[in-house]
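Undergrad: The sequence isn't on hand, but the structure is:
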């Protein structure tokens, strides 16, 4: 939950507040959880995402998925910095699915439910994102 919150907020403190509020909301709505519709992790991710979206709407901003900038000391290789920059250059749709799939480690079916899309749409967005990342990183022979 914290990983998702960090991706959706401006500061670590905002992310921690979002997680706390999301846990409270999840506890209050625990009876609405349906294991047939997805995993507990996907449900909690949806709670965090929904609460963040509501907060942004109140502030009249669009929810913008971006990987936070990190200092160079946090990386062993410069390639990680290039990858983060390339991911942040993807379209919003592609960036969402890449973050949820590769960074949050959600299955395609859970991402589809979370984003209210079909699994085919999620797979297509991942495919397009991988091709775009290959182009941005100069790896045209891969993917």
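TA: Good, I have the coordinates. Bear in mind the structure is a predicted one, so any value in this text is a computation, not a measurement.
Undergrad: excluding its backbone neighbours, what's nearest residue 106?
TA: Using CB to CB, 6 or more residues apart in numbering and skipping the chain neighbours, the partner closest in space to residue 106 is residue 100 (4.9 Å). Heads up, the C-betas are built off the backbone N, CA and C, glycines and all.
Undergrad: Can you name the element that comes right after the helix or strand of the chain with the lowest mean pLDDT?
TA: Sorting the helices and strands of the chain by mean pLDDT, DSSP states H and E puts helix 78-89 at the bottom, at a mean of 72. Using DSSP states H and E, the helix or strand that follows helix 78-89 towards the C-terminus is helix 92-98.
Undergrad: Return the set of buried residues in that following helix.
TA: 93-98 (16 or more other CB atoms under 10 Å).
Undergrad: Kindly reformat those as TSV containing pLDDT and distance to residue 54.
TA: Shown next, in TSV, are the buried residues of helix 92-98 (pLDDT from 0 to 100; distance: CB to CB, whole Å):
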residue	pLDDT	distance to residue 54
93	86	21
94	90	24
95	87	20
96	85	17
97	89	22
98	89	24
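Undergrad: and the residue nearest to residue 106, what is it in contact with?
TA: Counting by CB atoms under 8 Å, 6 or more residues apart in numbering, residue 100 makes contact with 45, 106, 111, 114-115.
Undergrad: I figured residue 7 was touching residue 99, is that so?
TA: Yes: with contacts counted by CB atoms under 8 Å, residue 7 reaches residue 99, the gap being 5.8 Å.
Undergrad: residue contacts, the nearest residue to residue 137 once chain neighbours are set aside?
TA: For residue 137, ignoring the flanking residues on the chain, the nearest one in space by CB to CB, 6+ apart is residue 86 at 5.5 Å. Listed by CB under 8 Å, 6+ apart, the contact set of residue 86 reads 133, 136-137.
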